[in-house]
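Trainee: Build me a model from this:
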Amino acid sequence: QVQLVESGGGLVQPGGSLRLSCAASGFTLDYYAIGWFRQAPGKEREGVSCISTSDGTTVYTDSVKGRFTISRDNAKKTVYLQMNSLKPEDTGVYYCAFESRYYSGRHCLSGYGMDSWGKGTLVTVSS
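Mentor: Residues are numbered from 1 along each chain as shown. Got it, this is the predicted structure:
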């Protein structure tokens, strides 16, 4: 059974940075897709970024392009989300999710094909 554990959330001032980690376990696949999603209070879940661990293909939602970077360490089965120039509207619970195959950026960001989800880590951007 796939297990995902997020870490790295916290309180940061606007303009600051955080790095989230998603540690995956419980499976034997070498290549898969990992997505980062977020949900702000009172809002629907939003796809933030995805990565294919086979070839490193990445995708970002428009609001984070140029500020967030997704990366992976296949040996550690860990995916990172480096978040820079954080804004108050980036506040929310950030979840990572696993899918056994990377089909496309649009598909991944929708979240509908994800097989497993982590419990989330809270990011608060506030002065």
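Trainee: Please point out which parts of stretch 41-50 sit buried.
Mentor: 46, 47, 48, 49, 50 (16 or more other CB atoms under 10 Å). Quick note: C-beta positions are derived from backbone N, CA and C, even for glycine.
Trainee: Out of those residues, flag the one nearest to residue 9.
Mentor: Taking CB to CB as the measure, residue 9 sits nearest to residue 48 out of the buried residues of stretch 41-50, at 13.1 Å.
Trainee: how close does that closest one sit to residue 38?
Mentor: Going from residue 48 to residue 38 by CB to CB, to the nearest Å gives 5 Å.
Trainee: Can you pull the residues that touch both of those two?
Mentor: Residues touching both residue 48 and residue 38 comprise residue 94, with contact defined as CB atoms under 8 Å, 6 or more residues apart in numbering.
Trainee: Put the alpha carbons of stretch 59-69 into CSV.
Mentor: C-alpha atoms of stretch 59-69 as CSV (Å, rounded to 0.1, in the frame of the first residue of the first chain):
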residue,chain,number,x,y,z
VAL,A,59,4.0,21.0,-14.8
TYR,A,60,2.8,24.0,-12.8
THR,A,61,-0.4,25.9,-12.3
ASP,A,62,-0.1,29.4,-13.7
SER,A,63,-0.2,31.1,-10.3
VAL,A,64,3.0,29.5,-9.1
LYS,A,65,5.1,29.5,-12.3
GLY,A,66,8.5,31.1,-11.7
ARG,A,67,8.1,30.9,-7.9
PHE,A,68,7.8,27.2,-7.2
THR,A,69,10.1,24.4,-8.3
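Trainee: show me the contacts for the most centrally placed residue in the chain.
Mentor: The residue lying closest to the centre of the chain (CA atoms, centre = their mean) is residue 36, at 2.0 Å. Taking CB under 8 Å, 6+ apart, we find residue 36 in contact with 20, 22, 47-50, 70, 79, 81, 94-97.
Trainee: I'm done for today, thanks for sticking with me.
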